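**Student:** A predicted structure for the sequence below; I have some questions about it.
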Amino acid sequence: MSQRMKLFIFLLIINLIMVVFYLIWNYIRRKEKIGSVWMKAVMMLLCPVTGPAFVFLSFLLFKLFSSQGMDLSDVVFSKDRKENFLRPDEEMERNMVSLEEALEVTDKKSLRTLMLNVIRGDYRNSLAAINLALNSEDSETAHYAASVLQDVLNDFRSKVQTDYLLCQEENEQQVENCIKLVEYMNPILEQQVLTNLEQRSMAERMQEVLQKAWELDKIKISSTVYEKVCQRLLEVKDYEKCTLWCDRAMEQYPGVLSSYTCQMKLYFSCGKKEKFFQVMQELRDSDIAIDNETLELIRTFM
């Protein structure tokens, strides 16, 4: 056997002894995960000399630098709450105006900047104003508006379809699913950004879903949900179904202002003065507090 072969076998034996010693040492210490120990042991066995050298140097560097005590002199463990005040963006605040007014601006750069600021924020409640930007003379502004509306309405249609199918499933959550769908549809429909045909179709689906919830358990339907459905049906001039839901709201919530205002708005739209004044008199005779919107409705009709 040559001298080199003897040296090679000697190194393998020394390496094996180091691996066994490493396993025994870690078994005694029990400070490292078994999986990690065996992974290093296999690496040391397959890579003689370099493997053990790597593990030893890593351990040595950890002991020299990472295991030193931390200087906590600058750390404060106080339980007192501190409030951080962020400076307002004065430049953007100075440029904030209503989108309707901004559309009258002839400066295309300012109009585009304002549109981008609107898009960066929560624009789901500003769709009606964004819809007006479709008729802007600036093609880029109109493109921004079209892109936003397309994204929001596509997501809206997709979710309505998915949740509508969910409402058809007969289970313990069916009533809640129906009511949740009505509440989801209302913020978009009340802004009237859909075409007349689609607006009517969505309002019909809205009342169809609520009809199923009413048949299953009408007690779970709140007065605000009744009001939302009545408003959407009134906007598409479906007076027959609107009358049905107004009567149901009054029957279930006779002591709530919205039950009266829904009927008053219905009779106001239909031009039925006698019934309007009848409901108004019933509201006056009740103990319900009248808000400014209702007072303004009464003044307009009278």
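**Tutor:** Thanks, I have it. Numbers count the residues shown, from 1 in each chain.
**Student:** for residue 289, which three-state class applies?
**Tutor:** Taken by DSSP: H, G, I helix; E, B strand; the rest coil, the conformation at residue 289 corresponds to coil.
**Student:** surely it meets residue 256?
**Tutor:** No - look at residue 289 against residue 256 with C-beta atoms under 8 Å: they stay out of range, at 11.1 Å. In this view, the C-beta of every residue, glycine as well, is placed from N, C-alpha and C.
**Student:** the more surrounded of the two?
**Tutor:** When neighbours are counted by other C-beta atoms under 10 Å, residue 256 comes out ahead of the other of residue 289 and residue 256, with 18 against 7.
**Student:** tell me the contacts of the more buried one?
**Tutor:** Shown here is residue 256, whose contacts under the criterion C-beta atoms under 8 Å, 6 or more residues apart in numbering are 223, 249, 288.
**Student:** tell me the pLDDT of the second one.
**Tutor:** Residue 249 is assigned a pLDDT of 92 by the prediction.
**Student:** what residues are up against it?
**Tutor:** By C-beta under 8 Å, 6+ apart, the residues touching residue 249 are 223, 226, 227, 230, 256, 258, 259, 262.
**Student:** check which helix or strand residue 153 maps to.
**Tutor:** For residue 153, the element it lies in under DSSP states H and E is helix 139-167.
**Student:** what is that helix packed up against?
**Tutor:** Helices and strands in packing contact with helix 139-167 are listed as helix 108-120, helix 127-132, helix 174-189, helix 196-217; criterion 3 or more C-beta pairs under 8 Å, 6 or more residues apart in numbering; DSSP states H and E.
**Student:** take those helices and write them to a markdown table, including mean neighbour count, mean pLDDT and distance to residue 37.
**Tutor:** Output for the helices and strands packed on helix 139-167, formatted as a markdown table (neighbours: other C-beta atoms under 10 Å; pLDDT from 0 to 100; distance: least, C-beta to C-beta, whole Å):
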| stretch | mean neighbour count | mean pLDDT | distance to residue 37 |
| --- | --- | --- | --- |
| helix 108-120 | 16 | 65 | 52 |
| helix 127-132 | 18 | 74 | 60 |
| helix 174-189 | 19 | 92 | 52 |
| helix 196-217 | 16 | 92 | 60 |
